[in-house]
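1. Sequence below, structure please.
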Amino acid sequence: MKVELTIDRTKELPKGAVPALEKELLKRLQNQFDECILVIRRAGSDGLSVYGGEKEVKKKVEEILQQTWESADDWFY
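-> Below you'll find the predicted structure:
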(Lines give C-alpha, C1' and ligand atoms only; values in the text may rest on other atoms or scores of the structure.)
Protein backbone atom coordinates (compact mmCIF):
# COMPACT_ATOMS: atom_id res chain seq x y z
CA MET A 1 0.00 0.00 0.00
CA LYS A 2 1.21 3.50 -0.77
CA VAL A 3 0.01 6.61 1.03
CA GLU A 4 0.69 9.99 -0.52
CA LEU A 5 0.07 13.11 1.55
CA THR A 6 0.34 16.55 0.00
CA ILE A 7 0.53 19.70 2.11
CA ASP A 8 -0.28 23.11 0.65
CA ARG A 9 3.05 24.85 0.08
CA THR A 10 1.57 28.20 1.14
CA LYS A 11 0.92 26.91 4.68
CA GLU A 12 3.55 28.02 7.13
CA LEU A 13 4.89 25.08 9.10
CA PRO A 14 7.53 25.08 11.81
CA LYS A 15 11.05 24.14 10.71
CA GLY A 16 11.40 20.37 10.62
CA ALA A 17 7.65 19.70 10.70
CA VAL A 18 7.45 17.67 7.50
CA PRO A 19 10.26 15.20 8.35
CA ALA A 20 8.92 14.84 11.90
CA LEU A 21 5.39 14.24 10.61
CA GLU A 22 6.68 11.71 8.09
CA LYS A 23 8.55 9.76 10.78
CA GLU A 24 5.65 9.69 13.24
CA LEU A 25 2.94 8.99 10.66
CA LEU A 26 4.94 6.19 9.04
CA LYS A 27 5.47 4.58 12.45
CA ARG A 28 1.74 4.70 13.17
CA LEU A 29 0.78 3.44 9.72
CA GLN A 30 3.22 0.54 9.92
CA ASN A 31 1.68 -0.49 13.24
CA GLN A 32 -1.62 -1.02 11.39
CA PHE A 33 -0.48 -2.06 7.91
CA ASP A 34 2.44 -4.41 7.21
CA GLU A 35 3.68 -3.03 3.92
CA CYS A 36 3.15 0.69 3.78
CA ILE A 37 5.07 3.34 1.86
CA LEU A 38 4.54 6.98 2.81
CA VAL A 39 5.32 9.99 0.64
CA ILE A 40 4.82 13.51 1.97
CA ARG A 41 5.39 16.48 -0.29
CA ARG A 42 4.48 20.12 -0.59
CA ALA A 43 2.06 20.88 -3.42
CA GLY A 44 -0.57 23.37 -4.57
CA SER A 45 -3.18 22.00 -2.16
CA ASP A 46 -3.73 19.56 0.68
CA GLY A 47 -4.55 16.01 -0.31
CA LEU A 48 -4.45 12.37 0.67
CA SER A 49 -4.25 9.43 -1.71
CA VAL A 50 -4.17 5.77 -0.72
CA TYR A 51 -3.13 3.30 -3.40
CA GLY A 52 -3.64 -0.44 -3.06
CA GLY A 53 -6.21 -0.32 -0.29
CA GLU A 54 -9.93 -0.78 0.11
CA LYS A 55 -12.28 2.13 0.84
CA GLU A 56 -12.21 1.18 4.55
CA VAL A 57 -8.40 1.35 4.51
CA LYS A 58 -8.46 4.97 3.30
CA LYS A 59 -10.88 5.84 6.10
CA LYS A 60 -8.52 4.22 8.65
CA VAL A 61 -5.53 6.10 7.18
CA GLU A 62 -7.51 9.37 7.46
CA GLU A 63 -8.20 8.60 11.14
CA ILE A 64 -4.52 7.83 11.83
CA LEU A 65 -3.48 11.05 10.06
CA GLN A 66 -5.98 13.08 12.08
CA GLN A 67 -4.83 11.54 15.38
CA THR A 68 -1.18 12.10 14.46
CA TRP A 69 -1.74 15.74 13.52
CA GLU A 70 -3.78 16.43 16.68
CA SER A 71 -1.10 14.90 18.91
CA ALA A 72 1.74 16.96 17.40
CA ASP A 73 2.51 18.49 20.81
CA ASP A 74 3.50 15.01 22.02
CA TRP A 75 5.89 14.03 19.22
CA PHE A 76 7.06 17.26 17.55
CA TYR A 77 8.59 19.24 20.40
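2. Give me the number of neighbouring residues for the residue nearest to Gln30 when sequence neighbours are not counted.
-> Spatial nearest neighbour of Gln30, chain neighbours left out: Cys36 (5.5 Å); criterion: C-beta to C-beta, 6 or more residues apart in numbering. The way it works is simple: take the backbone N, C-alpha and C, and place the C-beta from them, glycine included. Neighbour count for Cys36, taken as other C-beta atoms under 10 Å: 20.
3. Any figure for the gap between Cys36 and Pro14?
-> 25 Å (C-beta to C-beta, to the nearest Å).
4. mind listing the strands for the protein?
-> 2-8, 37-43, 47-51 (DSSP state E).
5. backbone phi and psi for the residue nearest to Gln30, please?
-> phi -130, psi 130 (degrees, to the nearest 10).
6. any idea how far Gly16 is from it?
-> 22 Å.
7. just Lys60 next, same as before
-> 27 Å.
8. who's more crowded, those two?
-> Counted by other C-beta under 10 Å, Lys60 and Gly16 do not tie: Lys60 has more neighbours, with 15 against 9.
9. Thought Asn31 was touching that one, still the case?
-> No: look at Lys60 against Asn31 with C-beta atoms under 8 Å: they stay out of range, at 11.4 Å.
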